[in-house]
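S.K.: Next comes the sequence, and after it the predicted model I'd like to discuss.
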Amino acid sequence: MIKKFEEKVFTIPTLKGLTPKSIGEHLKLYAGYVKHANLILEKLEEMKADSEKNAYAMGEIMRRFGFEFNGMRNHEVYFASFEGGPKPVLGTSALKVAIEAEWGSFDGWLTSFKALGLTRGIGWAMLYYDRSSGRLINAWIDEQHLGQLQNCALVLGLDMWEHSFVADYQPSGKKQYVEDFFANLNWEVIEKNFAEATK
């Protein structure tokens with residue numbers, strides 16, 4: 001019996017710019033990631049009965065697993081960051097201190113992260129904590145099964161795939177979506193992500 005990943009339930013308040021309908025559709029996409037991650041594990045269990053015969057297919061399906069699994073986990077960080085409603089970053093918080101140490105100022109980091117979010121194309125703007133060096137790193141991830149950083153914990157994830165904003169903003173409203181994302185953030189959740197990452 002394979003242990004399954006469980007779909008998380010998020011309590012998301014009314015958000016600036018993002019309608020309940022678009023959030024609802026986005027949550028369905030998240031549920032699809034959970035479902036398909038589980039289906040792949042089930043299929044792999046079946047295929048291992050003849051692993052020699054299924055070697056090629058198993059390799060291909062494992063590559064697909066990376067896409068589904070990372071999509072699931074990325075969205076969990078994304079949606080959780082809205083729970084509890086918007087709360088500002090605290091001036092003396094450990095995360096703010098770490099950001100200032102890395103980028104010189106919080107506003108300097110924020111400007112660079114927002115610019116990252118406006119990268120042409122689809123993907124994710126990520127703030128990672130690198131457990132090996134003890135540093136924060138900004139990264140752009142085009143395809144979630146490729147390029148996510150090894151031994152790094154996701155502290156903040158901004159979904160820049162078009163499904164996350166086009167229904168409410170149109171393609172031309174990408175910049176406003178990024179601004180509204182930060183207006184909707186609960187920094188207490190982000191601080192908790194950082195605290196977990198640095199344990």
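M.R.: Ah, there it is.

S.K.: looking at this structure, which helix or strand does the model trust least?
M.R.: For the chain, the helix or strand with the lowest mean confidence is helix 55-80, at a mean of 94 (criterion: mean pLDDT, DSSP states H and E).

S.K.: List the buried residues of it.
M.R.: Of the residues in helix 55-80, 61, 65-80 count as buried by neighbour count, 16 or more other C-beta atoms under 10 Å. Glycine gets a C-beta too; all of them are placed from N, C-alpha and C.

S.K.: same deal with stretch 94-106?
M.R.: Buried residues in stretch 94-106 (16+ other C-beta under 10 Å): L95, K96, A98, I99, W103, F106.

S.K.: could you give the mean pLDDT of that stretch?
M.R.: Averaged over stretch 94-106, pLDDT sits at 97.

S.K.: Need the CA coordinates for that stretch. CSV is fine.
M.R.: Output in CSV follows, covering the C-alpha atoms of stretch 94-106 (Å, rounded to 0.1, in the frame of the first residue of the first chain):
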residue,chain,number,x,y,z
ALA,A,94,15.2,37.3,11.6
LEU,A,95,14.2,37.2,7.9
LYS,A,96,14.4,40.9,7.4
VAL,A,97,17.8,41.0,9.1
ALA,A,98,19.0,38.2,6.8
ILE,A,99,17.6,40.0,3.7
GLU,A,100,19.3,43.2,4.7
ALA,A,101,22.6,41.3,5.3
GLU,A,102,22.4,39.8,1.8
TRP,A,103,21.0,42.7,-0.3
GLY,A,104,21.9,45.8,1.8
SER,A,105,18.3,46.8,2.5
PHE,A,106,14.9,45.2,2.5
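
S.K.: Tell me which residues touch the closest residue to D130 other than its chain neighbours, please.
M.R.: In this structure, D130 finds its nearest non-sequential neighbour in C152, 5.0 Å apart by C-beta to C-beta, 6 or more residues apart in numbering. Neighbour list for C152: Y128, Y129, D130, R131, I137 [criterion: C-beta atoms under 8 Å, 6 or more residues apart in numbering].

S.K.: and these, which of them are in strands?
M.R.: Those of the contacts of C152 mapping onto strands are Y128, Y129, D130, I137, per DSSP state E.

S.K.: which residues pair with the third one across the strands?
M.R.: The residues paired with D130 through beta bridges, assigned by DSSP bridges, are R135, C152.
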